[in-house]
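Asks: Here's a sequence, model it:
(chains A and B)
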Amino acid sequence: MTQPTALPAPPPPVSVPPTAPGDPRISRVVLSRFLRHRLAVASLIVLVLLAVCCFGAAWIAPYPRNAQNLLEASQPPSGTHWLGTDSIGRDYLSEMFYAGQLSLAIGLGVALLATLVGTAAGAVAGYLGGWPDEVIMRVADLFLIVPPVAVLAVSLQGLGPSPLTIVVVLSGLGWTLIARVVRSRVIQLRHQEFVEAARVIGASGPRIVVRHLLPNLTGLIVVNVSLSVAMAIILESTVSFLGYGVQPPKSSWGNMLTQAAGLIGTSQSYLLYVPGLAILVTVLAVNFLGDGLRDALDPRGRQR
Amino acid sequence: MKSATEETGGAAAPLLSVRDLCVTYRSDAGPVTALDRLSFDLRAGETLSIVGESGSGKSAASLAVMGLLPRNAVAEGSVRFRGQELLDLPDREMRAVRGRRIAMVFQDALAALNPMMTVGAQLAEAVSVHDPSVSRAELRERAVELLDLVGIPDPRTRAGQYPHELSGGMRQRVMIATGIANEPDVLIADEPTTALDVTVQAQVLDVLARVQDRTKSAILLITHDLGVVAGLADRVLVLYCGQKMEEAPVEPLFYQPAHPYTRGLLAALPRIDRGTRRLAQIAGQPPSPTNRPTGCPFRNRCPHAEDQCAESPRPVPVGDGHITACLRAREIASVTP
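Replies: Coordinates of the predicted model:
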């Protein structure tokens, strides 16, 4: 090549992932696409950090669970208590980590259970049509019209406010959303030619649903999981805030908010921000993560 | 297979035998007749082309053979494959036939391939649905082999790609590859070239011919394109309003058409030896499918129609393997077009 030396060096090639589009190692392509989504990667790091801190609280938290030191109650942040202490002398940082265990577990549990149930119900309703569709969707409507906070409060009163009850009740309320979305998408896909083509090669109904329809719903499902994590954490906080949810001495971010609510107007009102911020960061991170995953998993999303 | 005992006719017995096949769709406007007493035979290794315009019942015929008619359609008559009746076969057994003994290639390959699966995975599935014992490595090799067979360059790379990364012609080749994945006895090609450029059409037809050479499959070629018919078919069946108008080996059909409808179709083709005059067309419209006239369905557009045409014409033989459903077939056949 005869290139005049005066010309500046050619700009570096646009950052194309080293994997060729036809690389059979598809998981690598997905990974490289995910890594390009900066916000999603950052969110994943934040979530992993949060999860490690909360579930590893026994090792990471500076003070043991519920350790009270009444002499040091209601102290502002300091070197020994980074976020200060609450009115009964518990280290607020440690308490936040322990509380996060419940909040995160409820969020994830609800998201997974609701999505599983909702996707299955929606796929069956959409694929079969006819009376199974009618039955499933009318039941879903029934669940949709009840006010979630009221149902949650009443059933927690009746069944006892264990975290498991919260997960089951929240999933029971949450599956309808994804079921409706999955059903409508399945109906749309069911009439497409590739489904017909799958039937032509001799595939059975369940096989068509699992192998051909569900992969086309990945984006929907991932987004729904992230939305329901956020929704579950917020609902749990709401109910705990109202006093029906997680009861002391167990704590979640929601009931930490309740306790701190009494401090509004005092010099310690900053205690309200800590669990509030934890909820906000988690919900945002989960949403960004869902966004990144959806883009990474869609084979057509390659060129952007 | 239980049909083994009935399979005694040897080479002469047809592979696929369709008798008096009627397909009726229920609709709000009353029953719609898509196919009216259609009969034909498909012998091993031959290519039979079903030609007709939109709404003539071509697709209903292929769907009825595959057992894939929509729920609001009823098929009556008989479809026998190697002596086994397919129309009343339970779904489970029909699934074993579909894709393995009788396969199908669709018109629009982009729509017929799953956008979320790699081409290789879809080929592999066509094999593994019928034989779950094949290992992953073997499936991968088989997919590459099939892509190579239909003339896709660099098949190993292509197998890892998604349908949207291939060109239209390549996608249609992939469709053909899924069709022949299990070396079926019958391959139904429903308008396999309609969605393609003319140059690519020729390549795809060539692939079909080569594949047939190799797998010895019989091909049921469904098309409205007489050019495709001339290039690939051994025999031709002309459909109009769900009825068989004419059936003949390809040469007599083009050189001595005996049905006025076939003549009309051929006259409407552009010809290189006749200069640039306006193309001929058949006057009038096909009758409404909800309100079919009695007798010959073509009679209100036919230049040779007589009063007797109001009675259903019986198919009459006018030559070797040449059958025409027209009262004046012999008369018409004697006139060169």
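
Asks: C-alpha from now on. contacts and neighbour counts both.
Replies: Will do.

Asks: does the spatially most central residue of chain A count as helix, strand or coil?
Replies: Chain A has A:Val229 as the residue nearest its centroid, 2.9 Å off, counting by C-alpha atoms, centre = their mean. Put simply, A:Val229 is helix when judged by DSSP: H, G, I helix; E, B strand; the rest coil.

Asks: how close does it get to chain B?
Replies: 26 Å (C-alpha to the nearest C-alpha, to the nearest Å).

Asks: pretty sure that residue is touching A:Val286, no?
Replies: Yes. At 7.3 Å, A:Val229 counts as touching A:Val286 under the criterion of C-alpha atoms under 8 Å.

Asks: hmm, back to that, burial of the spatially closest residue to the residue nearest to the centre of chain A that is not a sequence neighbour, as a residue count?
Replies: Counting by C-alpha to C-alpha, 6 or more residues apart in numbering or on different chains, A:Val229 lies nearest to A:Gly107, which is 4.5 Å off, once chain neighbours are set aside. Residues contacting A:Gly107 under the criterion other C-alpha atoms under 10 Å in any protein chain shown number 29.

Asks: Check which helices and strands the biggest helix by length in chain B sits against.
Replies: Ranked by residue count and defined by DSSP state H, the top helix of chain B is helix B:198-215. Judged by 3 or more C-alpha pairs under 8 Å, 6 or more residues apart in numbering or on different chains; DSSP states H and E, the packing partners of helix B:198-215 are helix B:168-179, helix B:226-232.

Asks: can you give me the helices in the chain?
Replies: Answering for chain A, as no chain was given. Under DSSP H, chain A gives helices at A:26-36, A:38-55, A:57-60, A:92-128, A:130-144, A:148-159, A:163-190, A:193-200, A:205-207, A:218-242, A:253-261, A:273-297.

Asks: sorry, should have said chain B
Replies: For chain B, applying DSSP H gives helices covering B:58-66, B:91-97, B:109-112, B:119-128, B:136-149, B:155-159, B:168-179, B:198-215, B:226-232, B:250-255, B:260-267, B:329-333.

Asks: any weak-confidence spans in the stretch 201-337 of chain B?
Replies: B:274-276, B:336-337 (pLDDT under 70).

Asks: Poorly predicted segments of chain A, please.
Replies: A:1-26, A:73-74, A:79, A:81, A:301-304.

Asks: Beta-bridge partners for the residue positioned nearest the centre of chain B, please?
Replies: By C-alpha atoms, centre = their mean, chain B has its centre lying nearest to B:Ile222, at 2.8 Å. Per DSSP bridges, the residues bridged to B:Ile222 are B:Ile50, B:Asp190.

Asks: Touching, it and B:Thr194? I think so.
Replies: No. In this structure B:Ile222 lies outside contact range of B:Thr194 using C-alpha under 8 Å: 10.4 Å.

Asks: thinking again about what came up before, would you list the helices and strands packed on helix B:198-215 in CSV and tack on distance to B:Thr324?
Replies: Below are the helices and strands packed on helix B:198-215 laid out as CSV (distance: least, C-alpha to C-alpha, whole Å):
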stretch, distance to B:Thr324
helix B:168-179, 32
helix B:226-232, 18
